[in-house]
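**Q** need coordinates for the below:
(chains A, B and C)
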Amino acid sequence: MRRNLSVSNLSTAKTNPGNFFEDFRLGQEIRHATPRTVTTGDVAVYQGIFGPRFAVQSSDAFARKIGYAHAPLDDLLVFHVVFGKTVPDVSLNAVANLGYADCRFLKPVYPGATLNAVSEVIGLRENANRKTGIVYVRSRGFDETGDCVLDYVRWVMVRKRDENAPAPGEKVPELPKAVDPSQLGAACPKIDAAAYDTVLAGSPHRFGNYKAGEKIDHVDGITVEEAEHMIATRLYQNTARIHFNNFAESKGRFGKRLIYGGHAISLARALSFNGLGNAFHVAAINGGRHVAPLFAGLTVFAWSEVLAMAELPGRKDVGAVRLRTIATKDKPCADFPFKLALGPAEGGTRGTGDDYDPAVILDLDYWVLMPR
Amino acid sequence: MRRNLSVSNLSTAKTNPGNFFEDFRLGQEIRHATPRTVTTGDVAVYQGIFGPRFAVQSSDAFARKIGYAHAPLDDLLVFHVVFGKTVPDVSLNAVANLGYADCRFLKPVYPGATLNAVSEVIGLRENANRKTGIVYVRSRGFDETGDCVLDYVRWVMVRKRDENAPAPGEKVPELPKAVDPSQLGAACPKIDAAAYDTVLAGSPHRFGNYKAGEKIDHVDGITVEEAEHMIATRLYQNTARIHFNNFAESKGRFGKRLIYGGHAISLARALSFNGLGNAFHVAAINGGRHVAPLFAGLTVFAWSEVLAMAELPGRKDVGAVRLRTIATKDKPCADFPFKLALGPAEGGTRGTGDDYDPAVILDLDYWVLMPR
Amino acid sequence: MRRNLSVSNLSTAKTNPGNFFEDFRLGQEIRHATPRTVTTGDVAVYQGIFGPRFAVQSSDAFARKIGYAHAPLDDLLVFHVVFGKTVPDVSLNAVANLGYADCRFLKPVYPGATLNAVSEVIGLRENANRKTGIVYVRSRGFDETGDCVLDYVRWVMVRKRDENAPAPGEKVPELPKAVDPSQLGAACPKIDAAAYDTVLAGSPHRFGNYKAGEKIDHVDGITVEEAEHMIATRLYQNTARIHFNNFAESKGRFGKRLIYGGHAISLARALSFNGLGNAFHVAAINGGRHVAPLFAGLTVFAWSEVLAMAELPGRKDVGAVRLRTIATKDKPCADFPFKLALGPAEGGTRGTGDDYDPAVILDLDYWVLMPR
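**A** Residues are numbered from 1 along each chain as shown, chains lettered A, B, ... in the order given. Below you'll find the model as predicted:
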């Protein structure tokens, strides 16, 4: 019947089908829904799911004493909320989240701030099979005053709606391998490092106690439950279907719900407190790779390697430590699992291959700040 | 021993046995425990459990821009908190929650408000078997200033303590099939519809873009976990035993915990964002039926039909859309599952029978407001 | 390689191995990490996990009306947050948490307070096997003004790192069997008992309605999920590994994660509302024993016995009720399960043996305050 058909067409138009590869354009700006006021309530839910113990985010009194207005939001909570907004427009039809780069935290964010997000398409490349393409977006999170609090690039492989559609553009952006130390620290007010109480903070080790090459096993493990990752991911208003719909996913690629990659990042960060207790601020993420999927019922462990130490221009209060943090599933990290060893016949030594240990789920390269 | 018996009697008297059918009286007023200050903490837990994305409730900045003081509480969170208070007095000995009617939201409720509830018994009817009776109550939620924020009728089938007790009354109240549009909107301040940013809100479709007869498949599905529904239901201080006690329920009617019916309502509302993104306020619930039970492990889907469109007297800022939202378990809603088809021999056409598709769990008839 | 070894040593030094028995000293003072601002967000998460209904903590309006500034934090939430801080220093290498004594709540704590904790070692006794020793600590929780809000003693059996290490001291402190009523009430402002609305509070029974010897079955049961106890325990920043790491615990003593003992205390307290609805404040814990472990999937029930009634010196507003609350797993408490009956041949009567009913998980002796 004509009327029913027209109704049906109407309805299709009202739900969000997400963008397919051919829908993107170089230079396109996408203002994302939904603005979100992040409160101490969100902080508490995040605390319950991940258990972070960094004193600056945990205590108003501690934060005030060193120079913050009061306890700021966990940097990763800010990241997840901003990231979540980009999902309906950028990655609803994504096959894979390929990478992050040039992620910088630019302003301390306090409970009560309202975050929104805007993305710009900075790169496009169709894959040879013409079924998918890679979309590069620079996403920015803003607070209610219009200040940019977070700026990062990610690239995802997105399906085409129509294989015969022409590629919408061809450009692979140049991205920095790492954020330059001169760009770090905008989200950290000048702190009074002498007032930073390392006993209260839970670790005696300041910036000067770490050095490049050092490896730290974070020892503890946390088992993930379905309820937990779904609660966290909904807290960020991240709508990626694969995390929530067991009816569909039980018949899908993995046979079960896939956990949001950012969940592993937050777990690894919380675990890293044991060994990096004064790494109170994530200043930048240089790059990250979700090496393998994580599912409920598995236990996450982590270890870190100090990749580099850097002073911040003009600042004597804090220093920057570049870390690689590796998270694993169901594998403790006392022997620092990373990449697979190659046999001598292959001319290899442990850790130089391209293939990761199958227990590795996350390889994250980022800068943290520590008091000096 | 005399002393032990007396002690035992004392103790029985101190726990709440709930009311049985013969304990109710027509016109009886019941002031319910427990007053509850609803905070941004509750908002965050609710957000984590259901993942709503309506911009007005999500963002202080968005809400302020259109005319709210700041982001109000989700209407359904208000409903659940008020409903929860009535449980120990009204439905602790209920066999079934039969229906809702004439539910109107009367004042915007903001975080920090303290809610309490009062019910009036407006109808009573003993069932023919004399083992149970139907109790109709009008329940009202009040804030700390004494203003009524919510007013609704529900009726439940309640067990008798003693089959031989006389029926406490006999009256079936007349209830409206639907709330009249002239009664809608008290909980929505006059908004600046031009300042309502549909891009930020996540949908371009305003009031004028919908029409009666339109059907919308909300596409997404959410799987429910035991921890989630119990956390939500405790958040509302709803004490109905069947939701929490697996030791008893594993031997009971369903062999497992039953999920609070309101959980399905909140899930359906959150899912409905995909297609109804600007339906920012639930103004009234005309009626609702929990068609079938919901259990943990199942995935909830939903679709909606526009039943009617209405202008609000004297208001040009918002319009009212009457919706039927159907929620299902483990069944996507692309073909709008509703009632069972009858064969041609039975003279039927699809959807005209009285029996629901066995996947349907909720049939909710309600009014939402949208910006014009 | 020298460099790698030195790096490895460094890293070992940076993670917290916890203290072993020989690391403690009599009189030693331990300032614990991590200070924690407890917010209405934490209140909401706690509400969702346990579902308490005591009106004073639930409602700002109710609390104000009787004399509080507004709704204080649940006493047990304060306890758990302070307790959690002591874990990394006191009980990371504990074999068993043996007992509590002399626990007094000293100041009302409101959302927004920042809590930190300090412990003093007040007793040490090596066990005969020389593999473990008992450590007695007095732990104090302070708010951001430096006021002590909580003071309690606990003792734990802690492993030695080295069996040959000499015992670090030998002293068993004298501890009161119960907190004296004269020490109760510091955390309860003088209340207006006439303004205390027992209908809103959910129970008509004031202090004068209870008497020693009375037993109350709290009737309801709550099944515990893995996600719930882990969320709660992380909320307190309690890092005891046995609660979180299923990979390790599946091969451990119980074959699964053990639930934090305090979880059973909070569940029992929430259940006790049904029968003790006006016991609005836990003033002191005289002693407590985690009789048997609790695991996810089990259902917790509880009953209480009034051990004593006490007036508070100089106070006519509230009275103190000393309770024994027993929590069980998968066993309703209509017959008050406690200790195993001994046969007549053993000269016993029910409840006088030393062995608990195997369903009992918690035996808690504490003082609550009720309005007079």
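**Q** show me where chain A has its strands.
**A** With DSSP state E, the ranges of strands along chain A come out as A:29-37, A:94-105, A:114-126, A:132-142, A:148-159, A:215-217, A:222-223, A:281-290, A:299-311, A:318-329, A:360-371.
**Q** nearest to chain B, out of the ones you listed?
**A** Of all these, strand A:29-37 sits nearest to chain B, with 3.0 Å by CB to the nearest CB. For every residue, glycine as well, the C-beta is placed using N, CA and C.
**Q** that closest one pairs with which strands, parallel or anti?
**A** In the sheet, strand A:29-37 lines up against strand A:114-126 (antiparallel) (DSSP bridges).
**Q** next, the angle strand A:132-142 makes with the strand it pairs with.
**A** Strand A:114-126 and strand A:132-142 are oriented at 160 degrees to each other (axes from the mean of the first three to the mean of the last three CA atoms, to 10 degrees).
**Q** turn the strands of chain A into a markdown table, columns for mean pLDDT and distance to C:Ala71.
**A** Shown next, in a markdown table, are those (pLDDT from 0 to 100; distance: least, CB to CB, whole Å):
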| stretch | mean pLDDT | distance to C:Ala71 |
| --- | --- | --- |
| strand A:29-37 | 98 | 22 |
| strand A:94-105 | 93 | 35 |
| strand A:114-126 | 98 | 26 |
| strand A:132-142 | 98 | 34 |
| strand A:148-159 | 97 | 32 |
| strand A:215-217 | 97 | 42 |
| strand A:222-223 | 98 | 32 |
| strand A:281-290 | 97 | 33 |
| strand A:299-311 | 98 | 36 |
| strand A:318-329 | 98 | 38 |
| strand A:360-371 | 98 | 36 |
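**Q** who are the contact partners of the residue nearest the centre of chain A?
**A** Central residue of chain A (CA atoms, centre = their mean): A:Gly262, 4.8 Å from the mean position. Going by CB atoms under 8 Å, 6 or more residues apart in numbering or on different chains, A:Gly262 touches A:76, A:79-80, A:83, A:233, A:236, A:238.
**Q** from those residues, pick the one nearest B:Pro108.
**A** Set against B:Pro108, the nearest of the contacts of A:Gly262 by CB to CB is A:Tyr236 (25.7 Å).
**Q** so where is chain A shaky, pLDDT-wise?
**A** Under the criterion pLDDT under 70, the flagged ranges of chain A are A:1-12, A:342-353.
**Q** try 50
**A** Scanning chain A with the threshold set as pLDDT under 50 gives A:1-11, A:347-351.
**Q** the helices in it, which residues?
**A** Ranges of helices in chain A, per DSSP state H, are A:2-14, A:40-50, A:55-58, A:60-66, A:75-86, A:198-201, A:226-235, A:246-249, A:261-271.
**Q** the inter-axis angle of the last one versus helix C:226-235?
**A** Spelled out, that is helix A:261-271. Going by the same axes, to 10 degrees, helix A:261-271 makes 40 degrees with helix C:226-235.
**Q** hey, C-alpha coordinates of helix A:261-271 in CSV?
**A** Extracted as CSV, the C-alpha positions of helix A:261-271 are listed here (Å, rounded to 0.1, in the frame of the first residue of the first chain):
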residue,chain,number,x,y,z
GLY,A,261,38.8,-0.8,23.4
GLY,A,262,38.9,2.2,25.8
HIS,A,263,37.9,-0.1,28.6
ALA,A,264,41.2,-1.8,28.4
ILE,A,265,43.0,1.6,28.4
SER,A,266,41.2,2.6,31.6
LEU,A,267,41.9,-0.7,33.3
ALA,A,268,45.6,-0.6,32.3
ARG,A,269,45.8,3.0,33.6
ALA,A,270,44.2,2.0,36.9
LEU,A,271,46.6,-1.0,37.2
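**Q** let's have the strands of chain A in CSV, adding distance to C:Pro176.
**A** Below are the strands of chain A laid out as CSV (distance: least, CB to CB, whole Å):
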stretch, distance to C:Pro176
strand A:29-37, 48
strand A:94-105, 51
strand A:114-126, 52
strand A:132-142, 55
strand A:148-159, 53
strand A:215-217, 44
strand A:222-223, 39
strand A:281-290, 46
strand A:299-311, 42
strand A:318-329, 48
strand A:360-371, 43
